[in-house]
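Undergrad: Build me a structure from this.
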Amino acid sequence: MRKPNDITMKDAVSKMLDVYRLRRKFDETSILAVWPEIMGTAIANRTTQLYIHDKKLFIRIESSVIKNELVLVRQGIIQKLNEHAGSQVITEMVFL
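TA: Now for the predicted structure:
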């Protein structure tokens, strides 16, 4: 039986992330972890470097052909990644 001031574990973790100002880093890590799932194994296997800095996703991909294709659909990728995080974590993609 729940008491009136009880909160769920999800709410407690969410509140903790906000109080300790860890939300942004948590969301960034979440996006990096889900990269293979969202982009597929073919792209994930050719991604040699992937990190986020100042809301920019930096990507190094071995294949120039794949890199060129990703440049064309970068806005869609940004949108998918942000939808996964539930907030605007990425505003730009930079290819290295």
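Undergrad: got any ranges where this structure has weak pLDDT?
TA: 1-2 (pLDDT under 70).
Undergrad: which residues in it form strands?
TA: Secondary structure of the chain (DSSP state E): strands at 47-53, 56-61, 92-95.
Undergrad: Comparing those strands, which comes out most buried?
TA: Mean neighbour count (mean count of other C-beta atoms under 10 Å) peaks for strand 56-61 among those, with a mean of 18. Where you see a C-beta, it was placed from the backbone N, CA and C, and this is true even at glycine.
Undergrad: contacts for it?
TA: Strand 56-61 has contacts (C-beta atoms under 8 Å, 6 or more residues apart in numbering) with 31, 43, 46-52, 67, 70, 78, 81, 90-96.
Undergrad: now swap in stretch 33-41 and tell me
TA: A44, T47, L50, I77, K80, L81, H84.
Undergrad: tell me the helices in the chain, going along the chain?
TA: For the chain, the helices defined by DSSP state H occupy 9-19, 23-39, 41-46, 64-72, 74-85.
Undergrad: May I see these organised as TSV, with mean neighbour count and distance to F58 added?
TA: Below are those laid out as TSV (neighbours: other C-beta atoms under 10 Å; distance: least, C-beta to C-beta, whole Å):
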stretch	mean neighbour count	distance to F58
helix 9-19	11	24
helix 23-39	15	11
helix 41-46	13	15
helix 64-72	12	13
helix 74-85	15	12
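Undergrad: out of those helices, nearest to K3?
TA: helix 9-19 (13.9 Å; C-beta to C-beta).
Undergrad: then that closest one to CSV, C-alphas only?
TA: This file holds the C-alpha atoms of helix 9-19, laid out as CSV (Å, rounded to 0.1, in the frame of the first residue of the first chain):
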residue,chain,number,x,y,z
MET,A,9,11.5,4.7,-8.5
LYS,A,10,11.4,6.3,-11.9
ASP,A,11,10.4,9.7,-10.4
ALA,A,12,13.0,9.4,-7.7
VAL,A,13,15.8,8.8,-10.2
SER,A,14,14.6,11.6,-12.4
LYS,A,15,14.5,14.0,-9.5
MET,A,16,18.0,12.9,-8.4
LEU,A,17,19.4,13.5,-11.9
ASP,A,18,17.9,17.0,-11.9
VAL,A,19,19.0,17.8,-8.3
